[in-house]
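1. I would like to see how this sequence folds:
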Amino acid sequence: MIKRFTLSLFSILIVFTIDAVGQTTTFDYMNSNVGSHKTISWNTSAFGSGFGHRLLSMDPGGSTTLNLQARHNSATWKDALVITSQGYVGFGINPSTYPFHFKFGSASRARFEFISNTIDFVSYAPSSNAYGNSGGMFMSGQDGLIMTGPGNNLRIITNNGSYLERMRILPNGNVGINTKNPTYLLSVNGTIGAREVNITTAGWADYVFTPEYQLMPLSELEAFIQRNGHLPDVPTEAEVKENGVNLAEMNVKLLEKVEELTLHTIRQEKLIEELFKRIQNDEE
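-> The predicted structure follows:
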């Protein structure tokens, strides 16, 4: 016997077995009496008992829920999808706190797939791998992307008892570590440790060794130091405290002074040798 009803929004085809005779019931409207635990069940499958699905209307208090439950070779039904009357959606959990909530029983992943590209939210179990005992986002099939809207900063925050911002990238590309207002392409408020630093510069100080370079006489250098309290073309202590030091420029300037001292030393050695020869000639 075929019974037909009307159901708004969509049609459902349910097969009931009564006295071993299959009946097909098509309906457009189906109303349930007030109360919880109104259930539509598919209790068995080709695998046998312990498999199936059921749709369950529940009233746990505070809000009603529509639970899509499943079981796999088990007598226990588990929530696969729960939708509350507040519009909260939970996968594997009743979403009483968060509007959209995933929960899995072990280290696993939730996947979004776009053609052959995937984005996974993952939780890795402890292992010797670099990603062991960690969770995060894994992107595959194309370059990974983290992007903000126009005018927004990208902030990285950690928690050592309280949430603290550790790094910020401004819309103009400036990166700040331990500072929220980086004024340079990379601003670090703290100590940097490195095994090697390679700094490029537009020029080097070997111009000191060219014939046209005018080496300041030591007498003039002495007078300059007495008058100014620092070497020529080297910033003062006050300037360094206010503006900092450009490492590339300062290295060039320090090399310039070393090369000037080398030339002075060479001249002094020649003068000493000449004086020594004169003394020997006078003694003879």
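
2. C-alpha from now on. contacts and neighbour counts both.
-> OK.

3. Now do residue 200: how many residues are near it, please.
-> Look at residue 200: counted by other CA atoms under 10 Å, it has 8 neighbours.

4. quick one: contacts for it?
-> Residues near residue 200 by CA atoms under 8 Å, 6 or more residues apart in numbering: residue 248.

5. Mind doing that once more with 10 Å?
-> By CA atoms under 10 Å, 6 or more residues apart in numbering, the contact list for residue 200 reads 247, 248.

6. Helix, strand, or coil at it?
-> coil (DSSP: H, G, I helix; E, B strand; the rest coil).

7. now swap in the one 3 residues further on and tell me
-> Under three-state DSSP, residue 203 falls in the coil class.

8. how about it, what does it touch?
-> Going by CA under 10 Å, 6+ apart, residue 203 touches 248, 249, 252.

9. 8 Å - rerun?
-> residue 252.

10. what's the pLDDT at it?
-> Residue 203 carries a pLDDT value of 89.

11. Look up how far residue 261 lies from it.
-> 20 Å (CA to CA, to the nearest Å).

12. Ok, residue 66 next?
-> 86 Å.

13. If you count surrounding residues, which of these two has more?
-> Between residue 66 and residue 261, counted using other CA under 10 Å, the more crowded position is residue 66 (22 against 14).

14. can you pull out the helices in this structure?
-> 218-228, 237-243, 247-283 (DSSP state H).

15. How far off centre is the longest one?
-> In this case it means helix 247-283. Centroid separation for helix 247-283 versus its chain: 55 Å, with CA atoms, centre = their mean, to the nearest Å.

16. The second one too?
-> Chain-centre distance of helix 237-243: 35 Å, with CA atoms, centre = their mean.

17. Stretch 62-79 now?
-> Centroid displacement of stretch 62-79 relative to its chain, using CA atoms, centre = their mean, is 36 Å.

18. same question for it, mean pLDDT?
-> Computed over stretch 62-79, the average pLDDT equals 89.

19. Number the residues from 37 up from this point.
-> Sure thing, new numbering starts at 37, so read that last one as stretch 98-115.

20. End to end on that stretch, go ahead and measure it.
-> Start-to-end, stretch 98-115 (CA to CA) is 19 Å.

21. Over to stretch 159-179?
-> 21 Å.

22. what about the strands in the stretch 37-186 of the chain?
-> Ranges of strands in the stretch 37-186 of the chain, per DSSP state E, counting those that start in this stretch, are 39-40, 48-54, 57-63, 74-81, 84-94, 101-108, 114-120, 125-127, 136-138, 145-150, 153-159, 171-176.

23. what lines up beside the third one in the sheet?
-> When you say that, I think you mean strand 57-63. Strand pairing for strand 57-63, using DSSP bridges, gives strand 39-40 (parallel), strand 48-54 (antiparallel).

24. Just the buried residues of it, please?
-> 62, 63 (16 or more other CA atoms under 10 Å).

25. What's opposite the residue most central in space within the chain in the beta bridge?
-> Residue closest to the average C-alpha location in the chain (CA atoms, centre = their mean): residue 192, at 6.7 Å. On the basis of DSSP bridges, residue 192 is bridged to residue 203.

26. Pretty sure it sits against residue 206.
-> No - using CA atoms under 8 Å, residue 192 is not in contact with residue 206, being 11.9 Å away.

27. Show the pLDDT at residue 308.
-> 94.

28. whoops, residue 207 was the one
-> 97.

29. same question, residue 272
-> On the pLDDT scale, residue 272 gets 94.

30. Number of residues surrounding residue 90?
-> So residue 90, with other CA under 10 Å, has 18 neighbours.

31. so who does the nearest residue to it once chain neighbours are set aside touch?
-> Distance criterion CA to CA, 6 or more residues apart in numbering; nearest residue to residue 90, sequence neighbours excluded, is residue 77 at 4.1 Å. By CA under 8 Å, 6+ apart, residue 77 lies in contact with 88, 89, 90, 91.
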